[in-house]
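Q: this is a predicted model, with the sequence first.
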Amino acid sequence: MTLYLWLIPAFPLLGAIFNALIGRRLSRQVISLVAVGAVVASFVVSVIAFFSLLSLPEDARLFHDTLYNWIAVGSFSVNVGLWLDPLSTIMILVITGVGALIHIYAVGYMEHEHDYARFFAAMNLFVFAMLMLVLADNYLLMFLGWEGVGVCSYLLIGYWFNRDNIAVGTDEKFLSPRSSATKAFVVNRIGDFGFTLGIILMFWTFGSLSFDTVFAQAPQMVSVGAPVITIMTLLLLLGATGKSAQIPLFVWLPDAMAGPTPVSALIHAATMVTAGVYMIARSHILYELAPTTLEIVAIIGVLTAFIAATIALVQNDLKRVLAYSTVSQLGYMFFALGVGAFGAGIFHLMTHAFFKALLFLAAGAVMHAMNDIIDMRRLGGLRKIMPITFWTFLIGALALSGFPLFSGFFSKDEILESGYTHGQLLLWVVGLVTALLTALYIFRAVILTFGGTPRWKEGEVVGGQEEHAHDAEKPHGLHPHEPKPIMWIPLVVLAVLAIVGGYIGLPEVIGTSAFAAFVDPVFHQTPIPISPTLEWTLIGISTAAAILGILIAIWLYVRDTKLPARLVSYYPWLYAVFANKYWVDQFYNAVVARPGYWLANAFWMDVDGRVINGLADGLGNLFRRAGQGLRSLQGGYARGYALAMLIGIVVVIAVVVTRL
Amino acid sequence: MLTVTHYTVLSAILFSIGAITVLVRRNPLLMFMGIELMLNAVNLAFVAFSHYLQDMSGQVFVFIVLTVAAAEVAVGLALVVAIFRARDNVDVDEIDSLKG
């Protein structure tokens, strides 16, 4: 029954190895066929696994397949095993399903790039690592996947490592792809450090890292709120904030937009950044034992959601709006986890994967059409020229803002509702305001990108564009156009998912939630009963927030287009706070990056350059000088040697004889 | 009557002459002769002691020394010929290309 589970990660791994080793010598058709085929095959197996899991009775839905013993040292034993329960099933379906669509899109998006095989090898390797992360049956194997996705993220953010600047036709200065990749990796290392310590503490406490042992022992061995479990969950949380771009480690995600757009869609929107959410949901038994940590998770989530939404309001770069939006939506998921509504968090994870991947891919289509211009002040009027992109982006925007009957509506509403019913009134209000801001910033993006009149000219050559020209054949002048079918078909499929994806998780007053019925047994939760009147009221309030946000956006950017500039001049300090991203980057630069740089410099110049190098050089010099002194003894005067020998022998014999 | 002391003194004199020859001469052929003289001085001492102690092993050593001396001269002369062919000169003081 479970024998074929290993095929799910195996296909992308083989695809990655194939493209990495011999992809360079093959045609683009073969490379893309292998890369897309690997993910699609993995998706097919995942669907089969999903249905065979579904055919089991509710409380027996678990495939646990131990492949082999990985490490066995004394009492420390770790298996490589796959663990498929409803939670990881949702994850693998999202990863392989959305991943396959993004791979197909990337075939069109990347067709002019030189390093085609490198891109797809890294993408497939990422899918493999992500699948290992969610299928692992113990924390160490999960950590392997966790680091693997980090490495792939690094490789793909820095895909254009030889370019200094990705943004075209903008006066804004962004980090180069290499610096962004390094930043993402280093910030994640800080989180991973916490994760590692958490794993060590877990082994120290429970003597095991496998899910079944840890989750079985935890409730018996530690009491609710014990310091050890609080520290353990806080350390794991630090890891999650790094990977999922939450306060305090969210700064890397916006810069990660320096990577190609399919990478942003796959890694930095749909899958990798949700690893932290998955990990906390997976460890829900530990987190339920640590109410303090859960409280902190909820606060971090809401704060991140709010702060990222305010920053997204003033970004000019379309992809960066989406990046901050991702941070903000991940904040919602953390909020859901924090109030104990794990199912709601995972539900939002899934719908978010659909609509955010859609938004990113549509933004990529805009970039593709506009010769890499992504600054919204240079866009506009694309509604007529790129109707498919416009309508799919609009669907994604409606889903993101929680417009009724779109997928984001159901999932976000469920999160806010659980926040309310779990008594977190203050956080619920902030979440509601964030929902309004979400609708505002995404419709600002829709209107600035697709609405109004063009702020560009047909045939215009944009500054700095020549160095970005993918190949000589491509005309340099602007000539926006609808993308090819290989790019818009994934958009349409994702748009359909962004609409219907929510209907498997209907609120109680409307229908039954198939999603909750499938996933909630993992969390052993029964929903808190809630009166229909209250539920309708809550739905009404969050809907009102979303629609109000959309109306404000239309008012500000369609009706009274001078107003945003006037608002900026009325409240310059508020604008400065948002536009400078709360000076978090500057703060980290001053507190962490610069001292680290100085320390590294000191170690390099003084410790390594003087002490270590001095030791090595000194030793060499010692022998060199000694040799210099001794070489005068070998003058090449053979009779001199003979005399020395004679004297030596006479002395030795004299000593020996007189001793006797 | 010749005693073992006479042989020993003669052997020492011969050895010293050989050693001085090796030290003061620059011609490798003469240096070889000095070395031969030193070896045979030792041989003389061996034979004298062998006779004095009535022990044949001293004479066995003499044969070994003679054999080694013959081999050494063969190799040495071959080297001298090779050096002469290469440099047209066999003055030992001039042969110093390996000096430090």
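A: All right, it came through fine.
Q: which of the helices or strands spans the nearest residue to residue A:401 once chain neighbours are set aside?
A: Distances taken as CB to CB, 6 or more residues apart in numbering or on different chains place residue A:439 nearest to residue A:401, at 3.5 Å, with adjacent residues excluded. Heads up, the C-betas are built off the backbone N, CA and C, glycines and all. Element membership for residue A:439 (DSSP states H and E) is helix A:425-450.
Q: just give me the longest helix of the chain.
A: Going with chain A. Longest helix in chain A by number of residues (criterion: DSSP state H): helix A:177-206.
Q: please refer instead to chain B.
A: The longest helix of chain B (DSSP H) is helix B:57-87.
Q: ok, back up a step: my guess is the residue nearest to residue A:401 contacts residue A:548, does it?
A: Yes. Using CB atoms under 8 Å, residue A:439 makes contact with residue A:548 at a distance of 7.4 Å.
Q: of these two, give the one with the bigger neighbour count.
A: The neighbour count for residue A:439 versus residue A:548, taken as other CB atoms under 10 Å in any protein chain shown, is higher for residue A:439 (26 against 14).
Q: any idea how far that one is from chain B?
A: 87 Å (CB to the nearest CB, to the nearest Å).
Q: and that residue, what is it in contact with?
A: Residue A:439 makes contact with A:401-403, A:545-550, A:552-553 under the criterion CB atoms under 8 Å, 6 or more residues apart in numbering or on different chains.
Q: chain A contacts on chain B?
A: B:19, B:22-24, B:26, B:92-93, B:95-100 (CB under 8 Å from any CB of the partner chain).
Q: need the buried ones from those selected in ChimeraX.
A: Restricted to buried positions by 16 or more other CB atoms under 10 Å in any protein chain shown, the ChimeraX selection for these reads:
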select /B:19,22,92,95
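Q: what segments of chain A are strands?
A: According to DSSP state E, chain A carries its strands in the segments A:63-73, A:76-84.
Q: within the sheet, what are the partner strands of the first one, with directions?
A: According to DSSP bridges, strand A:63-73 has the following sheet partners: strand A:76-84 (antiparallel).
Q: count the neighbours of residue A:366 for me.
A: For residue A:366, the count of nearby residues is 25 (other CB under 10 Å).
Q: need the three-state assignment for the residue of chain B positioned farthest from its centre.
A: In chain B, the residue that sits farthest from the middle, by CA atoms, centre = their mean, is residue B:1; the gap is 28.7 Å. Secondary structure state of residue B:1, per DSSP: H, G, I helix; E, B strand; the rest coil, is coil.
Q: quick check: it vs chain A, distance?
A: From residue B:1 to chain A the distance is 28 Å (CB to the nearest CB).
Q: returning to that earlier point: which one of the contacts of residue A:439 is nearest chain B?
A: residue A:401 (86.1 Å; CB to the nearest CB).
Q: that closest one touches residue A:443, doesn't it?
A: Yes. Here residue A:401 reaches residue A:443: they are 6.9 Å apart, a contact under CB under 8 Å.
Q: give me the pLDDT value at residue A:156.
A: On the pLDDT scale, residue A:156 is placed at 95.
Q: deepest in the core, which of the strands of chain A is it.
A: Neighbour counts (mean count of other CB atoms under 10 Å in any protein chain shown) averaged over each of the strands of chain A peak at strand A:76-84, with a mean of 20.
Q: where does chain A get nearest to chain B, which residue?
A: residue A:636 (2.6 Å).
Q: what sits against that residue?
A: B:95-100.
Q: can I get those in JSON lines with secondary structure and pLDDT?
A: Below are the contacts of residue A:636 laid out as JSON lines (DSSP: H, G, I helix; E, B strand; the rest coil; pLDDT from 0 to 100):
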{"residue": "B:95", "secondary structure": "coil", "pLDDT": "83"}
{"residue": "B:96", "secondary structure": "coil", "pLDDT": "81"}
{"residue": "B:97", "secondary structure": "coil", "pLDDT": "81"}
{"residue": "B:98", "secondary structure": "coil", "pLDDT": "77"}
{"residue": "B:99", "secondary structure": "coil", "pLDDT": "77"}
{"residue": "B:100", "secondary structure": "coil", "pLDDT": "68"}
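Q: which two among those residues are spaced furthest apart?
A: For these, the maximum inter-member distance is 14.7 Å, found between B:95 and B:100 (CB to CB).
Q: okay, which residue is most central for chain A?
A: Note on chain A: the residue nearest the mean C-alpha position is residue A:273, at 3.2 Å, using CA atoms, centre = their mean.
Q: that one and residue A:590, how far apart?
A: Distance, residue A:273 to residue A:590, using CB to CB, to the nearest Å: 26 Å.
Q: let me see the mean pLDDT of stretch A:328-336.
A: Stretch A:328-336 shows a mean pLDDT of 95.
Q: whoops, stretch A:419-439 was the one
A: Per-residue pLDDT over stretch A:419-439 has a mean of 91.
Q: mind listing what residue 15 touches?
A: You didn't pick a chain, so chain A it is. Neighbouring residues of residue A:15 by CB under 8 Å, 6+ apart: A:34-35, A:37-39, A:120-121, A:124.
Q: ah, I was thinking of chain B
A: Contacts of residue B:15 were listed using CB under 8 Å, 6+ apart, and they are B:37-38, B:41-42.
Q: what does chain A have sitting close to chain B?
A: Counting by CB under 8 Å from any CB, the residues of chain A near chain B are A:630-639, A:642-643, A:646.
Q: could you redo the last one with a cut-off of 10 Å?
A: A:627-628, A:630-640, A:642-643, A:645-646, A:649-650 (CB under 10 Å from any CB of the partner chain).
Q: drop anything exposed from those.
A: Those of the residues of chain A next to chain B that meet the buried threshold are A:638, A:642, by 16+ other CB under 10 Å.
Q: so, low pLDDT: which residues of the chain?
A: Looking at chain A here, since you left the chain open. For chain A, applying pLDDT under 70 flags the ranges A:1-3, A:463-476, A:526-527.
Q: think we crossed wires, I meant chain B
A: B:100.
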